[in-house]
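**Q** Give the three-dimensional model of this entry:
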Amino acid sequence: MQTKPVHPVKNPHARRPQRVAPATENIHPDSLIRLHQILGLNGAPPLLACGRTQFYAWVKEGRLPPPRKVGHASFWRAGDILEALQRLGA
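**A** You can find the predicted model right below:
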């Protein structure tokens, strides 16, 4: 009889990532960026370390700027996001 290996449960609060990526000064403020670039999905370094639900909750509260819609796609002006991150104290 074989036993399955037991994997330890990771504590999600053990080590939190930085809120702002170190490469933020390299982004032109007028460039339009997508959500996956802000949240660091698909291996990109995150500008903001949170999930989609929290991000859109902050947009609804007015803590983050609303998206600019181009067809069905949503974009944010990088300068607006960086200013909002400074206001959040990230």
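**Q** Tell me how many other residues crowd the residue lying closest to Ile38 once chain neighbours are set aside.
**A** Once flanking residues are discounted, Ile38 sits nearest to Leu47: 5.0 Å by Cβ to Cβ, 6 or more residues apart in numbering. Every C-beta, even on glycine, is put in place using the N, C-alpha and C of the backbone. By other Cβ atoms under 10 Å, 22 other residues sit near Leu47.
**Q** How is Leu47 assigned, secondary-structure-wise?
**A** coil (DSSP: H, G, I helix; E, B strand; the rest coil).
**Q** Look up the pLDDT of it for me, please.
**A** pLDDT, Leu47: 84.
**Q** separation between it and Leu32?
**A** 14 Å (Cβ to Cβ, to the nearest Å).
**Q** do Ala78 as well
**A** 7 Å.
**Q** Which one's more surrounded, those two?
**A** Ala78 (19 against 14).
**Q** Quick check: phi and psi at the spatially closest residue to Pro46 that is not a sequence neighbour.
**A** Spatial nearest neighbour of Pro46, chain neighbours left out: Gly40 (2.7 Å); criterion: Cβ to Cβ, 6+ apart. Dihedral pair for Gly40: phi 80, psi 30, per degrees, to the nearest 10.
**Q** pLDDT below threshold where in the chain?
**A** For the chain, the stretches flagged by pLDDT under 70 are 1-25, 44, 90.
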